[in-house]
Every structure is written in C-alpha cells, then in structure tokens.
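Student: below is the sequence, then the predicted model.
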Amino acid sequence: MKTKHVPLRTCVGCRQVRPKRELVRIVQGPDGQLTLDETGKQDGRGAYVCPDPECWEATFKRERLDKALHSKVPKEEHAVLLERLGSLSKAKA
C-alpha cells in the first residue's frame, strides 16, 4: 500500500523542514499587503514560518522574511503579523 505524499516546506526562521500543514504561510499579495494564508492557496509570493513566536522573532531580527518575499517588510507589520499569529493559535486550540 502506497503512502500519501506529504508536501514539505522550509521555515524561513529556523530553516527546519517540516510538513506544509505544520507551518504558517505569510503571503504578500499583488497589492503588497501582507496576510496570513490559512488555506495555503492565496495568490502572491509566500514564505513559511513555524508557529513558534521565538522563530518569528528570529525571522524578523535576521530579516529573513524580507529576503524570502523579495521586498522590505516594514517594522510596523512585524507586530501586526505577531498579533495575527496569536489569534490564529488561539483559534486552533
């Protein structure tokens, strides 16, 4: 019996390879707006990050999100994304 293929993605913060469903996708849409992609199917350039807040802090500190999205992410967006991550974590719990 064949096992189902599980897509793997790399976290831009810790560089750990994990199943796609375990990571949070940040999408920069065509209009430049950053959002958390809960479906994994939104249009735009995306980057995957572990749901751990420490990993997010490392991502922002090392500017890895900027490199993954090929654009500068304003510091104000960091707090907004962390807040959305918190609400997303509470909704899943």
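Tutor: Nice, thanks for sending it over.
Student: show me where pLDDT drops low in the protein?
Tutor: 89-93 (pLDDT under 70).
Student: which helix in this protein has the most residues?
Tutor: helix 75-92 (DSSP state H).
Student: what residues does that one touch?
Tutor: Residues outside helix 75-92 that contact it (Cβ atoms under 8 Å, 6 or more residues apart in numbering) are Val24, Ile26, Leu34, Leu36, Glu38, Pro51, Pro53, Trp56, Phe60. Heads up, the C-betas are built off the backbone N, CA and C, glycines and all.
Student: which parts of it are buried?
Tutor: Neighbour counts over helix 75-92 (16 or more other Cβ atoms under 10 Å) mark Glu77, His78, Leu81, Leu85 as buried.
Student: then that helix to CSV, C-alphas only?
Tutor: C-alpha atoms of helix 75-92 as CSV (Å, rounded to 0.1, in the frame of the first residue of the first chain):
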residue,chain,number,x,y,z
LYS,A,75,8.7,47.1,11.2
GLU,A,76,5.1,48.0,11.9
GLU,A,77,4.0,44.9,10.0
HIS,A,78,6.0,42.7,12.4
ALA,A,79,3.7,43.5,15.3
VAL,A,80,0.6,43.1,13.2
LEU,A,81,1.8,39.7,12.0
LEU,A,82,2.6,38.5,15.5
GLU,A,83,-0.8,39.6,16.7
ARG,A,84,-2.5,37.7,13.9
LEU,A,85,-0.4,34.6,14.7
GLY,A,86,-1.6,34.8,18.3
SER,A,87,-5.2,35.0,17.3
LEU,A,88,-4.7,32.1,14.8
SER,A,89,-3.1,30.0,17.5
LYS,A,90,-6.0,30.6,19.9
ALA,A,91,-8.5,29.7,17.2
LYS,A,92,-6.8,26.4,16.6
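Student: now that helix, how far from the centre of its chain.
Tutor: Put simply, helix 75-92 sits 11 Å off its chain's centre (Cα atoms, centre = their mean, to the nearest Å).
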